[in-house]
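J.: how does the following fold in three dimensions:
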Amino acid sequence: LTKQAVASSTITLYHREAQLHLGSIVAVNDSYICYAIKGGVIRVIHRVDATRSLIHGFASMVADMAFAPVGADADAGAGDLLAAVGNDGNVYAWALTNTDGALDPAVLLHGRAVAPTESLERCDRVAWRPGEGGGAARTLATVTSEGSELRLWSVISGGAARESGHFIAVPGSDADGPMVDLAFSPDGMCLATACATGVVVVRDCSALDPAAPAAPAVTTRLDTRDSSLQAARFVAPGVVLTGTLGNTALNLWVSEQASGGGPGEGYRPTSELLLGGAGEDATGLTYHLAVCALPGPAGARLPAVVLSDRYNQTVLVVRLRRGPGEAGAAFSSVHAFGVTIPVLSFAATLDEDEGDGTDGSVGAAAGDGPAEGPEACLALYVVQTSAVQRLGFREADSADPVADG
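T.: Residues are numbered from 1 along each chain as shown. Below is the predicted model:
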């Protein structure tokens, strides 16, 4: 494939081995850039004044981390909520604040799993529930203990650190096998967990109380019939993306009630995308995957999937289009971008285009029309073998997709 260039800027130089990271070891929001370093430590950088700090607590490398989504009615004084989980069994949530150039990571939650995760094929996971920014309580979901434990934690801002008793254990099924991924729907109404047997379990979270979470009921089991299942993510309410064969095979599954945005009683496969690469050599490709939103027509946001591999100097951006009446979704186009250093892990976000040539967007797919409203661009904050960088994607870079339709 012809790889298109991206604009890069170095945040810091840091050398690490080209290890496989199934979770995300970098997290970004409007205020902070956080990434994992040796010894179970998290480096925190304030994006405005470049103030730096370190967060300790893990005995080994952080497995997954994420910032809580910020709602329109969120309390600005409560700080930015960051959660992380390590394969050593520790779960943390912090409120990050920056006062007069001093970063203060206040511990809101510290819990421990029943057992650490030792298998290289498993990774502890963490995810915040969207749509809860108006109150003091937030719901945090974790998968730990070799994929055998799913927990929902109540994280309270502004109080003393809550210990491990403040969670609800969500019962699973031995027949479904260990969990390998989890994700909330964009509206927070559903929670999906991907299992090693190829099953995706979808639970109804519409009645979930963040102050006192209860185990959500299972609404359906989506069976990919593929034990190489590695990822399950919502790209829209009622639309689940699954990744198999090292995330080189992507499928979209649409709920029978997707037009209403409800949990649905069944999912059907609608689109398949084969990226290739699995089994090409002794290691094969294993793509790190994230779902984000890109600028669309009339200021809308359209879902996209971003993928990278630690052995491949390419970042792939897969654009999706919404179905008739905004129901469902389908793959639209694939764009390949060349990078100098392979990407081990990344966080995708939309940054404002400052017009300095370093920012830009993956342009609208054919037929989408021009984007309106404030200019926004796709930016990846990437962890590489020798640096942490920001990659900006300009509109011109994606004018000719490597695959369309």
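J.: how many other residues sit next to the residue nearest to Arg301 when sequence neighbours are not counted?
T.: Spatial nearest neighbour of Arg301, excluding adjacent residues (CB to CB, 6 or more residues apart in numbering): Ala293 at 3.8 Å. Where C-beta positions appear, they are placed from N, C-alpha and C, glycine not excepted. By other CB atoms under 10 Å, 19 other residues sit near Ala293.
J.: partner residues bridging Ala293?
T.: Applying DSSP bridges to Ala293 gives these bridge partners: Pro303.
J.: ok, now which ones touch it?
T.: Applying CB atoms under 8 Å, 6 or more residues apart in numbering, we find Ala293 in contact with 301-304, 350.
J.: Asn29 too?
T.: Under the criterion of CB under 8 Å, 6+ apart, the neighbours of Asn29 are 67, 70, 80, 349.
J.: now Gly23: phi and psi?
T.: Dihedral pair for Gly23: phi -90, psi -180, per degrees, to the nearest 10.
J.: chain center to stretch 97-115: distance?
T.: Centroid separation for stretch 97-115 versus its chain: 20 Å, with CA atoms, centre = their mean, to the nearest Å.
J.: and Phe234, what are its bridge partners?
T.: Taking DSSP bridges as the rule, Phe234 bridges to Val240.
J.: and the gap between it and Thr12?
T.: Counting by CB to CB, to the nearest Å, the gap between Phe234 and Thr12 amounts to 32 Å.
J.: the more surrounded of the two?
T.: Set side by side, Phe234 and Thr12 show more neighbours around Phe234, with 23 against 13, by other CB under 10 Å.
J.: so where is the stretch 151-300 of the chain shaky, pLDDT-wise?
T.: Where the stretch 151-300 of the chain drops to pLDDT under 70, the residues are 158-165, 257-265, 276-284, 297-299.
J.: ok, and the closest non-adjacent residue to Gly296?
T.: That would be Leu302: by CB to CB, 6+ apart, it lies 4.0 Å from Gly296.
J.: no wait, Ser60
T.: That would be Asp88: by CB to CB, 6+ apart, it lies 4.8 Å from Ser60.
J.: per-residue confidence at that neighbour?
T.: pLDDT recorded at Asp88 is 92.
J.: next up, the contacts around it.
T.: Listed by CB under 8 Å, 6+ apart, the contact set of Asp88 reads 40, 58-60, 116.
J.: mind listing what Arg322 touches?
T.: Shown in contact with Arg322 (CB under 8 Å, 6+ apart): 236, 302, 328-329.
J.: my read: Ala141 touches Pro130, true?
T.: No - taking CB atoms under 8 Å as the definition, Ala141 is not a contact partner of Pro130, at 11.4 Å.
J.: re earlier: the residue nearest to Ser60 in helix, strand or coil?
T.: coil (DSSP: H, G, I helix; E, B strand; the rest coil).
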